[in-house]
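Trainee: sequence first, then the predicted structure:
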Amino acid sequence: WLCNFDQKVVIKHNGQCVLLLLDNCRSHKIEGLDLLHVDVHFLPPNTTSRM
């Protein structure tokens with residue numbers, strides 16, 4: 001889904017990069033993905049409940 005999201009960003013935001021914040025869940029793997037327009041950052045552990 002993340003590669004599909006990267007392609008939609010190109011269309012919707014005219015090629016500008018976007019920031020995607022994710023919680024620090026082990027199932028969120030981004031290694032090996034070639035994302036050109038999405039900058040993915042993980043939140044520190046135990047912070048999603050405080051947001």
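Mentor: Sure, I can see it.

Trainee: what is the neighbour count of residue 5?
Mentor: By other Cβ atoms under 10 Å, the residues close to residue 5 number 13. Where C-beta positions appear, they are placed from N, C-alpha and C, glycine not excepted.

Trainee: gap between it and residue 36?
Mentor: Remark: distance between residue 5 and residue 36 (Cβ to Cβ, to the nearest Å) = 12 Å.

Trainee: same check, this time on residue 7
Mentor: To residue 36, residue 7 is 9 Å away according to Cβ to Cβ.

Trainee: residue 46 too?
Mentor: As judged by Cβ to Cβ, residue 46 and residue 36 stand 31 Å apart.

Trainee: cool, residue 16 as well?
Mentor: Applying Cβ to Cβ to residue 16 and residue 36 gives a distance of 11 Å.

Trainee: other residues contacting the helix or strand where residue 21 lies?
Mentor: Secondary-structure element containing residue 21, defined by DSSP states H and E: strand 18-22. With contact meaning Cβ atoms under 8 Å, 6 or more residues apart in numbering, strand 18-22 is reached by 5, 9, 28, 37, 38, 39, 40, 41, 42, 43.

Trainee: mind listing which of those residues are in strands?
Mentor: Within these, residues falling in strands by DSSP state E are 38, 39, 40, 41, 42.

Trainee: let me know the closest of these to residue 50.
Mentor: The closest of the ones in strands among the contacts of strand 18-22 to residue 50 turns out to be residue 42 (Cβ to Cβ; 15.2 Å).

Trainee: contact partners for the closest one?
Mentor: By Cβ under 8 Å, 6+ apart, the contact list for residue 42 reads 21, 22, 23, 24, 28.

Trainee: who does it form a beta bridge with?
Mentor: As for beta bridges, residue 42 partners with residue 22 under DSSP bridges.

Trainee: could you check how far it is from residue 26?
Mentor: For residue 42, the distance to residue 26 (Cβ to Cβ) stands at 11 Å.
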